[in-house]
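Undergrad: requesting a structural model of the entry that follows:
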Amino acid sequence: MSGIAVVIARTPQRDPSLPPALAPGPVFRHEIGHDARITGRIHFPADARIDGSVSGDVRADALLLIGQSARVGAIVSAKKLIVEGRIEGEINNCDTCELRPGARIVGRIAARNLIVREGAIIEGWLSIGGGKRS
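TA: Predicted coordinates:
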């Protein structure tokens, strides 16, 4: 099938489409800090980062980074999703989902493309490929 990619990588590589060096500093337009706890529906119209605790529904129209300290119990939808922390729930409607070392997903993943780095854990169901993101 064309257009489907599942990559299991052993060595992390820098993604050239990300902002330079996801390093300290205000790189993201929206951020939820590590000490924040939010419940409800969240919509990010631009690049966003979550380092705190979020439960409910999370939607991002662009890049969404779930940081190492993040604990997300939600239905998550993003154009590009990078997970370094924990998600319990569902990942739906993602063009690209990247699970980095330390990521832990408990639930369902539905994405056009899935990248799983060494050290990431998935406990659940996968649906890779499929139709366009709406």
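Undergrad: report the central residue of this structure.
TA: The residue lying closest to the centre of the chain (CA atoms, centre = their mean) is Leu81, at 3.0 Å.
Undergrad: which strand or helix spans it?
TA: Counting by DSSP states H and E, the element that carries Leu81 is strand 71-83.
Undergrad: now for the chain, the helix or strand with the poorest mean pLDDT.
TA: Of all the helices and strands that make up the chain, the one with the lowest confidence by mean pLDDT, DSSP states H and E is strand 5-9; it has a mean of 46.
Undergrad: parallel or antiparallel, list what pairs with the helix or strand that comes right after that strand.
TA: Reading on from strand 5-9 to the C-terminus, the next helix or strand found by DSSP H and E is strand 30-32. Strand 30-32 has these partner strands in its sheet, going by DSSP bridges: strand 48-50 (parallel).
Undergrad: quick one: the next helix or strand after the partner strand to strand 71-83, angle?
TA: The C-terminal neighbour of strand 48-50 among helices and strands, as given by DSSP H and E, is strand 53-66. Computed by axes from the mean of the first three to the mean of the last three CA atoms, to 10 degrees, the angle separating strand 53-66 from strand 71-83 equals 10 degrees.
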